[in-house]
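# Please work out how this folds:
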Amino acid sequence: MATINVKVEINATIDRVWEIVSDIDNEPRFWKGTKQVNNISKEGNTINREIIIAFRDQKCLQQVTLEPKKKIIAKFTKGIINGEKIITLNSTEGRTILDTEWNIKLTGVMGMFTGMIKKHIKSGTEQAMQSIKEEIER
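Next up is the predicted model:
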């Protein structure tokens, strides 16, 4: 299992940060590893969706749970990735700490490459978090 953690401090209120990060349909705009999002169903704050990731244009199913102004939990339920991505928001003195944690592994025979993709996912996460920060702070 690969664990990746990236944090960024954003000079904005938690409300403003939540407005951007909770728009999960817009995920490919910031997260270059996500090429496409197709929502399948929504019940309350839980969305079931199919995403196409940049790694070999693989389709993955996710169950995304929004905990307003606190966190977004994206569980991979089917596909080449097993595990979850959790985005957490914490407010401190008018600023927001945005924290993304991945706990994932590749499935099947691809599992042996989990360590190799860890660096790639971390880099992509750092880029996404910086893009989110820049969008919010402009």
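
# avg pLDDT for stretch 54-62?
Stretch 54-62 shows a mean pLDDT of 91.

# Could you do stretch 29-42 as well?
96.

# can I get the CA coordinates of that stretch in CSV?
Output of stretch 29-42 as CSV, limited to C-alpha atoms (Å, rounded to 0.1, in the frame of the first residue of the first chain):
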residue,chain,number,x,y,z
ARG,A,29,-9.3,20.9,-14.3
PHE,A,30,-6.9,20.7,-11.3
TRP,A,31,-6.0,17.0,-11.1
LYS,A,32,-4.3,16.1,-14.4
GLY,A,33,-4.3,12.4,-13.4
THR,A,34,-8.1,12.5,-13.8
LYS,A,35,-9.0,12.8,-17.4
GLN,A,36,-12.8,12.5,-17.2
VAL,A,37,-15.6,12.2,-14.7
ASN,A,38,-19.0,10.6,-15.3
ASN,A,39,-21.5,10.6,-12.4
ILE,A,40,-23.6,7.5,-12.1
SER,A,41,-25.8,8.3,-9.1
LYS,A,42,-26.1,10.6,-6.2
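
# buried sites along it?
30-31, 33-34, 37 (16 or more other Cβ atoms under 10 Å). For every residue, glycine as well, the C-beta is placed using N, CA and C.

# In strands only, show me those.
34, 37 (DSSP state E).

# how about the strands of this protein, start to end?
Taking DSSP E as the criterion, the chain contains strands spanning 2-10, 34-43, 46-53, 59-67, 71-78, 81-92, 95-106.

# what helices or strands is the second one leaning on?
Taking 3 or more Cβ pairs under 8 Å, 6 or more residues apart in numbering; DSSP states H and E as contact, the helices and strands that strand 34-43 lies on are helix 27-30, strand 46-53.

# Spell out which strands sit alongside it in the sheet and which way each one runs.
Here strand 34-43 is paired, per DSSP bridges, with strand 46-53 (antiparallel).
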